[in-house]
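Colleague: when you get a sec, could you give me coordinates for this:
(2 chains)
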Amino acid sequence: MNNHIELLHNYFIKYSREAIDKNLFENINTKSISIDFSSKSRKGDISSNFYLVAIKKIKDKNFNFKDDLLKGLSELFFVQDCDISKNGFININIKKEFLIEQIFYLLNEKDKFGKSNFGKAKHVNIEFVSANPTGPITVAHMRGAVLGDVITSLLLNSGYKVTREYYVNNAGSQINILGNSLYKRYLELFGQSIKLNHDEYPGEYLIEIAKLIKKEDGDKWVEKNSKDKENYFKTYAVKYLLNIIKKDLKLLNIEFDKFSFETDIVSSNVINDLFKILDDSDLLYNGVLEKPKGEDIDDWEPRSQLLFKSSQIFDDQDRALKKSNGEWTYFANDAAYHLDKFNRKFDKLINIWGADHIGYIPRMKSVLKIISNSENYLEVLTCQIVRLIKNNKILKMSKREGNFVTLNEVYNQVGKDPLRYFMISKKSETSIDFDLNKVIEKNKDNPVFYCQYAYARASSVINKANDLGININSFNKNTKIKEYLTNDEIEIILKLLSYPYILHQSALKREPHRLTNFIEDVSISFHSFWNKGKENESLRFIDEKNILKSQTKLLWLHSMRIVFENIFNIIGIDYHETM
RNA sequence: GCGCCCGUAGCUCAGUGGAUAGAGCAACCGCCUUCUAAGCGGUAGGUCAAAUGUUCGAAUCAUUUCGGGCGCGCCA
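Modeller: I've put the predicted structure just below:
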């Protein structure tokens, strides 16, 4: 990258090194140098705290730091002018010629603009959703689903290779209960009266599945009471529900590269490998866990079982790997699954978990530290719950009680774009309230429309200009361009040119909401400029009497569309030239 | 009891060491003979939960307190 922000940052680092070498300064921590390219105060195109940071470290009292710094800065080829404010900030205005240069670069890069090779083709495995196949996917998983998908895009745009993975918990007692629940629904179809236990699944979708089995096999299973029957019903249910889940996710354009099944992990030997690795590190022992605090557990009693010394690594207590009856715990299987991922030679694992799994992070990170010998090999991102609000009431949901709202239902009410946009436009660790009444209204309350509208408006100008024979197809750099750029336009151009940094930060911190903040910010500036043309005709985009001026505006309009398209593609929403 | 997350305008949220703390919605006042008014401009709205500390500088970092959420079994 060779834009003004990068160039300036590099200059400060170079300046620091040389000044330290000349013994003018003590060591300057270059990490504390910040370049502010979006300051609202607008005292300069960009500003920096470098003077404040460095002046503390000055050694030679006779050295005139301020003058030397300003002289050096003003000699930089992209700097128009610069000064240091009373309170110590460096404010710099960029030469218009340089900005125009950068705009041509942007236009040339097109969809490559902003992309980087930061990831150096390292292969990341990102596991998300992984909802148990015991029912259709619900709003509880919606946020993690979109977040995982968008973070994947961010990583791909930063030069990583990415595998999207879904872990299917198709073993264990919940699946047995699912199978039993389905079987009862099947019996019900043959006139038997059934009673579902408290822990069984009452959802009506099981009736639909039962009907299918009846259609295919008739009463074949009614009298049967065998292992075959149990397996048949639970396998059928899982297969059917997983397809529903896939279809529902497809509605949001979310697809996976790989599905891993718990049953495959169980039947492979990977859990024994895990046991050996932990045992060789002397991290396993038979012991008794303390009674957990908090809610009272009626049937608790101390029992000896196989424990993992996770408290020696990241956790605050040791965790069970085997139940007292000798079976592996869920955690053991899941840890084995992570060893399986490690064995598939990924450079990094990312998991996206719901807030209800936060307590599992220390133990899983402990396991992966032992496996990979790296503290950050596993990165776990969490997302807090999305509360659904309807008629000013919070909808309480539980899959087992069957009163949940499915992703499919919400999709039918609001559509893909607002749903995707809303899920990632807030920091994931913050819980959000999703007001169904407001979202159903489908009006300007949805910021996604605001941005799509900005895109459509920009397109409409470009198309209109094209009809008048004005375009930038064979338009080249021209010294007159800079005379036509107003301050508002320069501000928009500066924002557009900062996009690579926003994208980079967004990918680095796994925070897609930085992109939505950015695009809303640019949209505001754009709509604002648009309206100025109503009052002041000279600010309109198209002026048939002044082709060069019109072309200048088309220049950054095209740039804006490129940046918008890139962002829309990353967050996975549509854009249209007309609305 | 313990752990994690959160507390910023009436509401929903940005901002995580820098300049006078921002946006959307809601409220009030304006702007359509016009490249899309699905928009724009303006007014009003704040003890950044509280206290103490760290320093040139704190919404941001540390400690404590108060509020809210989520979690803490051999479940999955």
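
Colleague: alpha carbons only for contacts and neighbour counts from here, please
Modeller: Will do.

Colleague: can you tell me the SS state at A:Lys545?
Modeller: Under DSSP: H, G, I helix; E, B strand; the rest coil, A:Lys545 falls in the coil class.

Colleague: burial count for it?
Modeller: 8 (other Cα atoms under 10 Å).

Colleague: gap between it and A:Phe128?
Modeller: 56 Å (Cα to Cα, to the nearest Å).

Colleague: what is the mean pLDDT for the stretch of helix or strand A:Gln305 belongs to?
Modeller: Using DSSP states H and E, A:Gln305 sits in strand A:304-308. Model confidence over strand A:304-308, given as mean pLDDT, is 93.

Colleague: next secondary structure after it?
Modeller: Next helix or strand after strand A:304-308 toward the C-terminus (DSSP H and E): strand A:319-320.

Colleague: return the list of strands paired to that next one, each annotated with direction.
Modeller: strand A:304-308 (antiparallel) (DSSP bridges).

Colleague: the strand it pairs with: which residues count as buried?
Modeller: Buried residues in strand A:304-308, counted by 16 or more other Cα atoms under 10 Å: A:Gln305, A:Leu306, A:Leu307, A:Phe308.

Colleague: same deal with stretch A:236-256?
Modeller: Under the neighbour-count criterion of 16+ other Cα under 10 Å, stretch A:236-256 has A:236-238, A:240-242, A:244-245, A:247-249, A:252, A:254-256 buried.

Colleague: check stretch A:361-379 too.
Modeller: A:361-372, A:377-379.

Colleague: hmm, who's touching it?
Modeller: Stretch A:361-379 has contacts (Cα atoms under 8 Å, 6 or more residues apart in numbering) with A:277-278, A:281, A:310, A:313-315, A:319, A:335, A:338-339, A:342, A:347-351, A:380.

Colleague: buried only: go through these for me.
Modeller: The neighbour count (16+ other Cα under 10 Å) marks A:277-278, A:310, A:313-315, A:319, A:335, A:338-339, A:342, A:348-351, A:380 as buried among those.

Colleague: and the next element down the chain from the helix or strand bottoming out on mean pLDDT in chain A?
Modeller: When each helix and strand of chain A is scored by mean pLDDT, DSSP states H and E, helix A:436-440 comes last, with a mean of 65. Remark: after helix A:436-440, the chain's next helix or strand is helix A:447-467, criterion DSSP H and E.

Colleague: partners of A:Ile90 in the sheet?
Modeller: The partner residues for A:Ile90, given DSSP bridges, come to A:Ser48, A:Ile84.

Colleague: repeat that for A:Leu388.
Modeller: Beta-bridge partners of A:Leu388, as defined by DSSP bridges: A:Phe434.

Colleague: RNA strand B versus that one, what's the distance?
Modeller: 11 Å (Cα to the nearest atom of the strand, to the nearest Å).

Colleague: neighbours of that residue, how many?
Modeller: By the measure other Cα under 10 Å, the count of residues near A:Leu388 is 21.

Colleague: so what's it scoring on pLDDT?
Modeller: pLDDT, read off for A:Leu388, is 76.

Colleague: tell me the spacing between it and A:Arg363.
Modeller: From A:Leu388 to A:Arg363 the distance is 31 Å (Cα to Cα).

Colleague: quick one, phi/psi of A:Ser158?
Modeller: Here is the backbone geometry of A:Ser158 (degrees, to the nearest 10): phi -110, psi 10.

Colleague: nearest spatial neighbour of it, skipping sequence neighbours?
Modeller: Once flanking residues are discounted, A:Ser158 sits nearest to A:Ser116: 4.8 Å by Cα to Cα, 6 or more residues apart in numbering.

Colleague: quick check, the one you found in a helix?
Modeller: No. Under three-state DSSP, A:Ser116 sits outside any helix and is assigned coil.
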